[in-house]
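*Asks:* Next come a sequence and a model predicted from it.
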Amino acid sequence: MIEPEHMCKKCILLDGSLGVSVNATTGLCNYCEDPKYKTPSWWKTQITEEMRQKGLEDWQQVIERAQARRGKQKYDCIVGYSGGKDSTALLWKMVNDYDLNPLAVTVDSGFIPDTAFENVRDTLQKICVDHIIIDGAKETFPKLYKWMFLNQDSEDKCLTTSMCEACSDLVHALVVKEALKQEIDLILFGYSPDEIRRYFYEIPQHEIVDEWMPQFFSDNPFTEEDRTHFITQEEVKGVILPRILLPYHVLDYEESKIIELVESKDLVKKGNSSTLKTSCHVIMAASFYDLNRYGIVPYALQFSELIRQDPAVRKKWVIKMKQVSPLIKQGKFNEQGFNFALEKMGITKSQLREIIRDQLTHDPNREKIIRNVELFTSQRRRKRN
């Protein structure tokens, strides 16, 4: 058997973690039985064909307008460029498919892995675009992360989800500030079709001011300087805000073709397109927390959505999760990045374990969580025998 017990036979989610249960009769988890199923950690924005077609028509109009004014301004748009496969492919597409001149913008949180920066360097040798790195919030990111690690108290929402939401809001705010500075009215991010829990195709402009700065930023240890990284009402008074679009939500998307593109064009080295290699170091620490606290690798939520869209990739992700989970459990998957993140936040591994033990003691789902954590260790032991 490829998969461990208690795993949904359609995706890779485990029974008993973060509000997920597997129907003993059908072998399916809540999400696979009901596309409208929601938990605080994951839900799928319901996208109708009409919504997708409307978004695609809008995207085509956006591109036509940008092409019509080509050369009338320095940059046609901003592409948020992380060094991951999707943003790399999007940057290539804007230049080569649409003949536009984007400004590539990378936000350096201080936690970006070397592989991502290597991808950036390799890509920019092949694609002739201007590129800037925004690093003015490198003191704010570790404070944000540490606060979230030390104040995570939910029984049904994983730390990685909460942290990625807060982090992406800060990243988005920094990119919007750059767009306002450069007078660029279009921002693009390469979020894949599985990343639709919060947004579909366009990030609402009202959120730029009203919802991006977390409430806890009003208290210590955060300072006025930390708060200036977000957008204020005063900054946007009388200003037309840029549109923020997620084109992969309406364009044809196949992960295998994205990887083939970026590797065949020598934009990234073979193997460097893996999400597990380009995700920021703090995700390694958050994954350690979530697996030991909730019995789930947070990537499983996102990858399960990819599997529902393309069942052929399930076997690959089952094998991948079985390979990385024992390492994540011990803090040994990208151990260097894991230790780097903890040191930068000023948190120790033993401190994390103590927090996890205390919270797990009071979790009503404790037995299933412990079972799911141990599933991966027991699988490895059986293989050795």
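*Replies:* Happy to help now that I have it. Please read all numbers here as calculations on a predicted model, not as lab measurements. Numbering: from 1, shown residues only.
*Asks:* Show me the domain layout of the protein.
*Replies:* Domain assignment for the chain by automatic domain parsing gives 49-255, 280-384.
*Asks:* quick one: contacts for Cys11?
*Replies:* Applying CB atoms under 8 Å, 6 or more residues apart in numbering to Cys11 gives the contacts 29, 31-32, 304-305, 307-308, 314. Quick note: C-beta positions are derived from backbone N, CA and C, even for glycine.
*Asks:* Filter these down to the ones in helices?
*Replies:* The helices, defined by DSSP state H, take in 31-32, 304-305, 307-308, 314 from these.
*Asks:* Which of those scores worst on pLDDT?
*Replies:* Minimum pLDDT for the ones in helices among the contacts of Cys11 is recorded at Glu305 (84).
*Asks:* element containing the closest residue to that one other than its chain neighbours, please.
*Replies:* Closest residue to Glu305 apart from its sequence neighbours, by CB to CB, 6 or more residues apart in numbering: Asp194 at 3.9 Å. Counting by DSSP states H and E, there is no helix or strand that carries Asp194.
*Asks:* Quick check on Asp194: phi, psi?
*Replies:* Backbone geometry at Asp194, expressed as degrees, to the nearest 10, gives phi -80, psi -20.
*Asks:* so it makes contact with Asp310?
*Replies:* No. Asp194 sits out of contact with Asp310 when judged by CB atoms under 8 Å, with a separation of 10.0 Å.
*Asks:* So which of those two has more stuff around it?
*Replies:* More neighbours surround Asp194 than the other of Asp194 and Asp310, with 22 against 14 (other CB atoms under 10 Å).
*Asks:* residues touching the more buried one, list them.
*Replies:* 302-303, 305-306, 309.
*Asks:* Which pLDDT value belongs to Thr123?
*Replies:* On pLDDT, Thr123 comes in at 97.
*Asks:* Relative to Val175, how far out is the residue nearest to it when sequence neighbours are not counted?
*Replies:* Counting by CB to CB, 6+ apart, Thr123 lies nearest to Leu267, which is 4.5 Å off, once chain neighbours are set aside. With distances taken as CB to CB, to the nearest Å, Leu267 is found 21 Å from Val175.
*Asks:* now Leu150
*Replies:* As judged by CB to CB, Leu150 and Val175 stand 28 Å apart.
*Asks:* Check Ala312 too.
*Replies:* In this view, Ala312 and Val175 are 34 Å apart by CB to CB.
*Asks:* Please identify which of those two sits among more neighbours.
*Replies:* Taking neighbours as other CB under 10 Å, Ala312 and Val175 compare with Val175 leading, 24 against 8.
*Asks:* check contacts around the more buried one.
*Replies:* Going by CB under 8 Å, 6+ apart, Val175 touches 78, 80, 105, 107, 134, 187.
*Asks:* Just send those back as CSV, with pLDDT too.
*Replies:* Shown next, in CSV, are those (pLDDT from 0 to 100):
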residue, pLDDT
Ile78, 98
Gly80, 98
Val105, 98
Val107, 97
Ile134, 98
Ile187, 98
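*Asks:* Out of the residues you listed, list just those in strands.
*Replies:* 78, 80, 105, 107, 134, 187 (DSSP state E).
*Asks:* send the alpha carbons of the lengthiest helix in the chain over as PDB?
*Replies:* Determined from DSSP H, the single longest helix within the chain is helix 159-182. The C-alpha coordinates for helix 159-182 follow below in PDB (Å, rounded to 0.1, in the frame of the first residue of the first chain):
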ATOM      1  CA  LEU A 159      -0.200  28.000  12.400                       C
ATOM      2  CA  THR A 160       1.100  27.900   8.800                       C
ATOM      3  CA  THR A 161      -2.300  29.200   7.500                       C
ATOM      4  CA  SER A 162      -2.500  32.000  10.000                       C
ATOM      5  CA  MET A 163       1.100  33.000   9.500                       C
ATOM      6  CA  CYS A 164       1.000  32.900   5.700                       C
ATOM      7  CA  GLU A 165      -2.100  35.100   5.700                       C
ATOM      8  CA  ALA A 166      -0.500  37.800   7.900                       C
ATOM      9  CA  CYS A 167       2.800  37.500   6.000                       C
ATOM     10  CA  SER A 168       1.300  37.800   2.600                       C
ATOM     11  CA  ASP A 169      -0.700  40.800   3.700                       C
ATOM     12  CA  LEU A 170       2.500  42.500   4.700                       C
ATOM     13  CA  VAL A 171       4.200  41.500   1.400                       C
ATOM     14  CA  HIS A 172       1.200  42.800  -0.600                       C
ATOM     15  CA  ALA A 173       1.300  46.100   1.300                       C
ATOM     16  CA  LEU A 174       5.000  46.600   0.500                       C
ATOM     17  CA  VAL A 175       4.400  45.800  -3.200                       C
ATOM     18  CA  VAL A 176       1.500  48.200  -3.300                       C
ATOM     19  CA  LYS A 177       3.600  51.000  -1.800                       C
ATOM     20  CA  GLU A 178       6.200  50.400  -4.500                       C
ATOM     21  CA  ALA A 179       3.500  50.500  -7.200                       C
ATOM     22  CA  LEU A 180       2.200  53.800  -5.800                       C
ATOM     23  CA  LYS A 181       5.800  55.200  -5.800                       C
ATOM     24  CA  GLN A 182       6.400  54.100  -9.400                       C
END
